[in-house]
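Trainee: Based on what follows, work out the 3D shape:
(2 chains)
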Amino acid sequence: MITFSNYVQAESLDEAYQLNQKKGNAVIGGMLWMKMQKKRYNTIIDLSKLNLNTIEETDEEFKIGCMVTLRDIEQHKSFNEYTCGAARESVRHIVGVQFRNVATVGGSIFGRYGFSDVLTLFMALDCCVELYKGGIVPIAEFANMKYDRDILIRLIVKKKPIKISYKSMRNTKTDFPTLTCAVSKYDGVMRAVIGARPMKAVVVEDKENIFGTCGYDEACSKFAEYVCGNVTTGSNLRAGAEYRKQLVKVLVERACGDIK
Amino acid sequence: MNITLKLNGKKISRDIEPDMLLIDFVRAEGCLSVKRGCETANCGLCTVFLNEKPVLSCSVLAARANGQSVTTLEGVGREAEEFAEFVADQGAEQCGFCNPGFVMNAVALFRENPDPSVDEIKEYLAGNLCRCSGYEGQLRGILNFLEWKKGGAK
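Mentor: Sure, this is the predicted structure:
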């Protein structure tokens, strides 16, 4: 369990950023993962007062504040219509309602966790993160950036014609996923995002134009093989690397079938 | 630091340590239904309502409840008693240790969705673990309770 001496509800993003530059201080989201650390902090910085707990929708985009909960994502009608239900599917297996009412999108994305359903989903969308100092960065780029002391303000999801499906495999309900998979098509490109490999999610695009050169059902199978060949998997106590490879094939093919 | 909140409908102000968790706060206020089962945010035993939404009090800072409304099983009253008594009469409880969190989340489910399907019940209560594996009994108890509320027999 973490311990700390001071708790500050930041009055502005600048205050949060300045406080976060000091070693020994840290920003909390839902605190669910962070609290499991055995670590002592000086000051914990809370962004709760900065009105970042809403999903704003315009004709062009969704702006999802970092303090939006996973339950908000699960229940947001318009965002789920846009994502063909993939948003709800990506979070509904995460522990329970009480957990998802506390866990935040910002915490999930900033952590860039190797087990993250949430990162997998957003990497399959045309999505950027907005950082206080770092500006607007595509999420796939952000996923590979070094951890720093910036503040993740919100996610920006560009609206465009999209088809998307989300799948995950768990050894048992509410456990961490053994593998996560999102397949989407926008801007004419088919892509698969594979997470919980058990490393952070990666994007594999159909660079060989598989879907342009054969029938759809055959292409699903070929693309699944292609993704499998281009994704590194590893082993941990939940599954072996080879088993995960098989899951990649199965989940990608099924997800492709969903968005025919 | 000082926090002021509504606990089970009563406004209170207390000095707390900044890193105090909500579970420890409500227990210190005598709400002993709220228990620590797993300490890894998995079991649902510590469920309370924060502004009417079910949350894991083992993972919420008491400081974050400042200015908010917190309800424990002690504050839910007749709505919880009616359900808990019904489920007990059904013989659907085993050791009862997980019961407070289970009842809280079931009440949250009924408030949000008064006529849930079996799948909706299972999904909503997935975060309430029962180490006796009493899920079949709990599900039967819930379904019979909902039937009874609609005017059916016990």
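Trainee: what does the stretch 151-260 of chain A have sitting close to chain B?
Mentor: A:173, A:174 (Cβ under 8 Å from any Cβ of the partner chain). For the C-beta atoms, the positions are set from N, CA and C on the backbone; glycine is no exception.
Trainee: Next, name the residue at the spatial heart of chain B.
Mentor: Geometric centre of chain B, nearest residue: residue B:104, 2.3 Å, by Cα atoms, centre = their mean.
Trainee: Is the closest residue to that one other than its chain neighbours bridged to anything, and to what?
Mentor: The shortest distance from residue B:104 to any non-neighbouring residue, by Cβ to Cβ, 6 or more residues apart in numbering or on different chains, is to residue B:47 (4.3 Å). Assessed by DSSP bridges, residue B:47 has beta-bridge partners residue B:56.
Trainee: distance between the ends of stretch A:178-198?
Mentor: With Cα to Cα, to the nearest Å as the measure, the first residue of stretch A:178-198 is 7 Å from its last.
Trainee: Enumerate the positions of it that are buried.
Mentor: Of all the residues in stretch A:178-198, those buried under the rule 16 or more other Cβ atoms under 10 Å in any protein chain shown are A:178-186, A:190-198.
Trainee: What are the neighbouring residues in contact with the residue of chain B found nearest chain A?
Mentor: Nearest to chain A, among the residues of chain B, is residue B:127, at 1.2 Å (Cβ to the nearest Cβ). By Cβ atoms under 8 Å, 6 or more residues apart in numbering or on different chains, the contact set of residue B:127 is A:95, A:96, A:97, A:98, A:99, A:174, B:42, B:43, B:44, B:105.
Trainee: Let's see stretch B:131-145 as CSV, backbone CA atoms only.
Mentor: Presented in CSV, the C-alpha positions along stretch B:131-145 are these (Å, rounded to 0.1, in the frame of the first residue of the first chain):
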residue,chain,number,x,y,z
ARG,B,131,-15.3,-17.9,-1.4
CYS,B,132,-17.9,-20.4,-0.5
SER,B,133,-18.7,-20.4,-4.3
GLY,B,134,-22.2,-19.6,-3.3
TYR,B,135,-23.0,-17.9,-6.7
GLU,B,136,-25.7,-20.4,-7.7
GLY,B,137,-27.6,-19.8,-4.4
GLN,B,138,-27.1,-16.0,-4.6
LEU,B,139,-28.4,-16.0,-8.2
ARG,B,140,-31.4,-18.1,-7.2
GLY,B,141,-32.1,-15.8,-4.3
ILE,B,142,-32.0,-12.7,-6.5
LEU,B,143,-34.3,-14.2,-9.1
ASN,B,144,-36.8,-15.3,-6.5
PHE,B,145,-36.6,-11.9,-4.9
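Trainee: So which bits of it are buried?
Mentor: Under the neighbour-count criterion of 16+ other Cβ under 10 Å, stretch B:131-145 has B:134, B:137, B:138, B:141, B:142, B:144, B:145 buried.
Trainee: In TSV: the residues you listed, plus distance to residue A:6, secondary structure and pLDDT.
Mentor: Output for the buried residues of stretch B:131-145, formatted as TSV (distance: Cβ to Cβ, whole Å; DSSP: H, G, I helix; E, B strand; the rest coil; pLDDT from 0 to 100):
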residue	distance to residue A:6	secondary structure	pLDDT
B:134	43	coil	85
B:137	47	helix	92
B:138	42	helix	94
B:141	46	helix	95
B:142	44	helix	96
B:144	51	helix	95
B:145	46	helix	96
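Trainee: Pull out whichever of these are also neighbours of chain A.
Mentor: Of the buried residues of stretch B:131-145, not one also sits near chain A (Cβ under 8 Å from any Cβ).
Trainee: Tell me the one of those nearest residue A:45?
Mentor: Distance to residue A:45, by Cβ to Cβ, is smallest for residue B:138 among those, at 40.0 Å.
Trainee: Not counting residues beside it along the chain, what's closest to the closest one?
Mentor: Nearest non-adjacent residue to residue B:138 (Cβ to Cβ, 6+ apart): residue B:92, at 5.6 Å.
Trainee: Setting aside sequence neighbours, what's the nearest residue to the residue of chain A found nearest chain B?
Mentor: Going by Cβ to the nearest Cβ, chain B is nearest to residue A:96 of chain A, at 1.2 Å. Counting by Cβ to Cβ, 6+ apart, residue A:96 lies nearest to residue B:127, which is 1.2 Å off, once chain neighbours are set aside.
Trainee: roughly how far is the host helix or strand of residue A:143 from the heart of the chain?
Mentor: Per DSSP states H and E: residue A:143 is located in helix A:139-144. Computed by Cα atoms, centre = their mean, to the nearest Å, the chain-centroid distance of helix A:139-144 equals 10 Å.
Trainee: For my notes, confirm residue B:75 occurs in a helix.
Mentor: Yes. Judged by DSSP: H, G, I helix; E, B strand; the rest coil, residue B:75 forms part of a helix.
Trainee: Torsion angles phi and psi at the residue nearest to the centre of chain B?
Mentor: phi -60, psi -50 (degrees, to the nearest 10).
Trainee: ok, now residue A:66?
Mentor: Taking degrees, to the nearest 10 as the convention, residue A:66 sits at phi -60, psi -20.
Trainee: Would you confirm that it contacts residue A:111?
Mentor: No. With contact defined as Cβ atoms under 8 Å, residue A:66 does not reach residue A:111; the gap is 11.7 Å.
Trainee: Which of the two has more residues huddled nearby?
Mentor: The residue with more neighbours, out of residue A:66 and residue A:111, is residue A:66; 24 against 18, by other Cβ atoms under 10 Å in any protein chain shown.
Trainee: For the more buried one, which non-adjacent residue is closest in space?
Mentor: In space, and not counting its chain neighbours, residue A:66 is closest to residue A:106: 2.6 Å by Cβ to Cβ, 6+ apart.
Trainee: which ones are touching the one you found?
Mentor: Counting by Cβ under 8 Å, 6+ apart, residue A:106 makes contact with A:29, A:47, A:52, A:65, A:66, A:67, A:68, A:152, A:154.
Trainee: Apply 7 Å and report the result again.
Mentor: A:29, A:66, A:67, A:152 (Cβ atoms under 7 Å, 6 or more residues apart in numbering or on different chains).
Trainee: Reformat those into CSV and put pLDDT next to each item.
Mentor: Below are the contacts of residue A:106 laid out as CSV (pLDDT from 0 to 100):
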residue, pLDDT
A:29, 95
A:66, 98
A:67, 98
A:152, 98
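Trainee: In strands only, show me the residues you listed.
Mentor: Counting by DSSP state E, the contacts of residue A:106 place residue A:152 in strands.
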